[in-house]
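# here is a sequence with its predicted model. Questions after.
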Amino acid sequence: MVAKVKTQYFKIFYRFTLLPGLFTLATSLTLVSCTGESPKTETQSSARNVSDIKTSAIKTKVLHMGYQQAGDLVRVTKVLEKRLEPLGIKVEWAQFAQGPQLMEAMNVGKIDLGLVGETPPIFAQAAGAQIAYVVGRRGNGRKSAIAVPPNSPIKSVKDIKGQKVVFQKASASHYFIIRALEDAGLKYSDIQVLSLPNVEASAAFLQGKIPVWVTGDPHLAIAEKAGKVRVIKNAQELDSPGGYYIGGKQFIIDNPELLRIVIEEMDKIERWAEIHPKETTKLIAPEQKLPTDVMDLVISRRGYGLRAISPNLIKEQQRIADYFYKNGLLPKPLNIQEAMLTREQYAAITPATISQK
């Protein structure tokens, strides 16, 4: 199945590979079993009774969720499974190295919904993917960084001119590095770009084989705790609107009642995790096979909270798409509105508890 996903989607993106600096993709797809009991937390649903849900309006029996290498609290706590099982709906999970690979699988119908940064959906839409923005997720930039080995002579972003810089193209790191270069008075063409997913670059960096790495948690936290990295800049002051849950457009249109339930449960577990960091670490650390101190660091700089898709958020995302075009990384201007739902459709899938700001 992995080979099929990779081949089909690569054809979609191939027409962009002749453009300066555009990307190639390597897919990491693993289906995860959803059987077994989940930890009991304060996230158990107090929502409407099953009898109140119009199950006839839900046109699927399986929800295919994608998540990235950093893990997903929604998956670990099984809040969706608990809520959807009484409705006769199963949840299946697939893991991906980073956002571009997740978007790749969504475009060929392998997953229905997944969380990515601000950049992957822009490149996916530019390649013709039939996707839609579902709900926003806040970020703070603290978990992403431009990093060098501890003994590197590089002291600032200005010093990376002419250097080999490793990151996953079409990921949030792509926008981060271009913005950081601009702030330092440099151009994208001033660096040598090597595109690698974090999961592949991590070992090479820890061995001192990568001079500059644009990365994020948990890989950044692992390197920090090992004393193998020095951060020269994080993305905390970056003007990014954060991440998004993205879905297959037709799937969203066909299943508004299901999406409303899913967003409600994701928002509740986010709120719980924000005020229970230690408990969150205990839940995720074993799944990630990471030491508690590393996961504590990851959790301490996570962003929390969902945001409704609003005209303001659309404007911010459009600004980023325009920025990529201005820098020659998109072949033509992109209209973000074409990957949005109507106001009525957003009203149908967005619970009243979700922040409108």
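All right, it came through fine. Numbering: from 1, shown residues only.
# which residues touch Glu338?
If a contact means C-beta atoms under 8 Å, 6 or more residues apart in numbering, then Glu338 has Gln125 as its contacts. From N, CA and C alone the C-beta is placed, and that goes for glycine too.
# and it, its phi and psi?
With angles defined as degrees, to the nearest 10, Glu338 sits at phi -70, psi -20.
# I'd like the average pLDDT over whichever helix in the chain runs longest.
Using DSSP state H, we find that the single longest helix of the chain is helix 256-275. In this model, helix 256-275 carries a mean pLDDT of 95.
# list the buried residues in that helix.
For helix 256-275, a neighbour-count test (16 or more other C-beta atoms under 10 Å) marks 256-273 as buried.
# do stretch 110-130 as well
For stretch 110-130, using 16+ other C-beta under 10 Å, the buried residues are 110-127, 129.
# any idea whether Val214 is helix, strand or coil?
strand (DSSP: H, G, I helix; E, B strand; the rest coil).
# residues contacting it?
Ser144, Ala145, Ile146, Ala147, Val165, Val166, Phe167, Ser173, Phe176, Ile177.
# got the angle for the helix or strand that the longest helix of the chain is followed by vs helix 256-275?
Reading on from helix 256-275 to the C-terminus, the next helix or strand found by DSSP states H and E is helix 277-288. Helix 277-288 and helix 256-275 meet at an angle of 110 degrees, taking axes from the mean of the first three to the mean of the last three C-alpha atoms, to 10 degrees as the criterion.
# please name every helix or strand in contact with the helix or strand just after helix 277-288.
Beyond helix 277-288 on the C-terminal side, the first helix or strand identified by DSSP H and E is helix 292-300. Other helices and strands packing on helix 292-300, by 3 or more C-beta pairs under 8 Å, 6 or more residues apart in numbering; DSSP states H and E, are helix 219-225, helix 277-288.
# ok so, going back, next one: the longest helix of the chain to chain centre, how far?
Distance of helix 256-275 from its chain centroid, counting by C-alpha atoms, centre = their mean, to the nearest Å, is 16 Å.
# output it as CSV, nothing but the C-alphas.
Presented in CSV, the C-alpha positions along helix 256-275 are these (Å, rounded to 0.1, in the frame of the first residue of the first chain):
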residue,chain,number,x,y,z
PRO,A,256,-20.7,17.3,8.9
GLU,A,257,-22.2,15.6,12.0
LEU,A,258,-19.2,13.3,12.4
LEU,A,259,-16.8,16.2,12.0
ARG,A,260,-18.6,18.2,14.7
ILE,A,261,-18.2,15.3,17.1
VAL,A,262,-14.6,14.8,16.3
ILE,A,263,-13.7,18.5,16.7
GLU,A,264,-15.6,18.6,20.0
GLU,A,265,-13.6,15.6,21.4
MET,A,266,-10.3,17.0,20.1
ASP,A,267,-11.0,20.3,21.7
LYS,A,268,-11.8,18.7,25.1
ILE,A,269,-8.6,16.6,25.2
GLU,A,270,-6.6,19.7,24.3
ARG,A,271,-8.2,21.7,27.2
TRP,A,272,-7.5,18.8,29.5
ALA,A,273,-3.9,18.4,28.4
GLU,A,274,-3.1,22.1,28.9
ILE,A,275,-3.9,21.9,32.6
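# helices or strands next to that helix in the packing?
With contacts taken as 3+ C-beta pairs under 8 Å, 6+ apart, helix 256-275 sits against helix 73-77, helix 79-84, strand 131-137, strand 243-248, strand 306-307, helix 343-349.
# closest to the centroid, which residue in the protein?
Val116 (1.9 Å; C-alpha atoms, centre = their mean).
# how near is it to Arg230?
28 Å (C-beta to C-beta, to the nearest Å).
# kindly report the same for Gly208.
Between Gly208 and Arg230 the distance is 12 Å, computed by C-beta to C-beta.
# cool, Lys169 as well?
Noted for Lys169: a distance of 24 Å to Arg230, by C-beta to C-beta.
# who's more crowded, the two?
Comparing Lys169 with Arg230 by other C-beta atoms under 10 Å, the one with more neighbours is Lys169, at 22 against 16.
# can you give me the strands for the chain?
For the chain, strands defined by DSSP state E occupy the ranges 30-32, 62-68, 90-96, 113-116, 131-137, 144-148, 164-167, 192-195, 212-216, 230-234, 243-248, 306-307.
# what does the fifth one rub up against?
Strand 131-137 is contacted by residues 103, 106-107, 113, 115, 121, 124-125, 241-249, 252, 259, 263, 266, 270, 303, 305-309, 313, 317, 339-341, 349-350, 354 when judged by C-beta under 8 Å, 6+ apart.
# of those, just the buried ones, ChimeraX syntax please.
In ChimeraX, this line selects whichever of those come out buried by 16+ other C-beta under 10 Å:
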select :103,106,107,113,115,121,124,125,241,242,243,244,245,246,247,248,249,252,259,263,266,270,305,306,307,308,309,313,317,339,340,341,349,350,354
